[in-house]
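In: here is a sequence with its predicted model. Questions after.
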Amino acid sequence: MTKMQDIQKKSDAELVELAQTARKTVQSERFKDAFSRKAGVIRTAKKDTARALTELNARRRNNATK
């Protein structure tokens, strides 16, 4: 899991890449056989996606108000 402090240090391109790879991870885990799925991997990837998108949206809001 990526901490929010680490995410805030990344560039916009890195955040987009992080969100895309995390989404692919969630998709690949969900389509696995029920016995080979790992709930922790899915949970972590979903949290990473949310954190990356939250930071991107915060940056966009800050740039729009300036």
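Out: The structure has been received and is ready for your questions. Numbering: from 1, shown residues only.
In: which strands or helices does the helix or strand Q5 falls within pack on?
Out: Q5 is part of helix 4-9 when elements are defined by DSSP states H and E. Helices and strands touching helix 4-9, by 3 or more C-beta pairs under 8 Å, 6 or more residues apart in numbering; DSSP states H and E, are helix 39-65. C-beta here means a position set from N, CA and C on the backbone, and glycine is covered the same way.
In: that older thread, can you tell me what sits against the helix holding Q5?
Out: Helix 4-9 is contacted from outside by 15, 18, 51-52, 55, using C-beta atoms under 8 Å, 6 or more residues apart in numbering.
In: L18 against D48, yeah?
Out: Yes: using C-beta atoms under 8 Å, L18 makes contact with D48 at a distance of 6.3 Å.
In: which neighbours do those two have in common?
Out: T2.
In: any stretches of this protein with poor pLDDT?
Out: For the chain, no stretch is flagged by pLDDT under 70.
In: so which residue is dead centre in it?
Out: T49 (1.9 Å; C-alpha atoms, centre = their mean).
In: what's the spacing between that one and V26?
Out: 7 Å (C-beta to C-beta, to the nearest Å).
In: for stretch 21-28, which positions count as buried?
Out: If you call a residue buried by 16 or more other C-beta atoms under 10 Å, then stretch 21-28 has these buried ones: 22-23, 25-26.
In: distance to I7 added to these, as JSON lines?
Out: JSON lines is the format used below for those (distance: C-beta to C-beta, whole Å):
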{"residue": "A22", "distance to I7": "11"}
{"residue": "R23", "distance to I7": "15"}
{"residue": "T25", "distance to I7": "16"}
{"residue": "V26", "distance to I7": "17"}
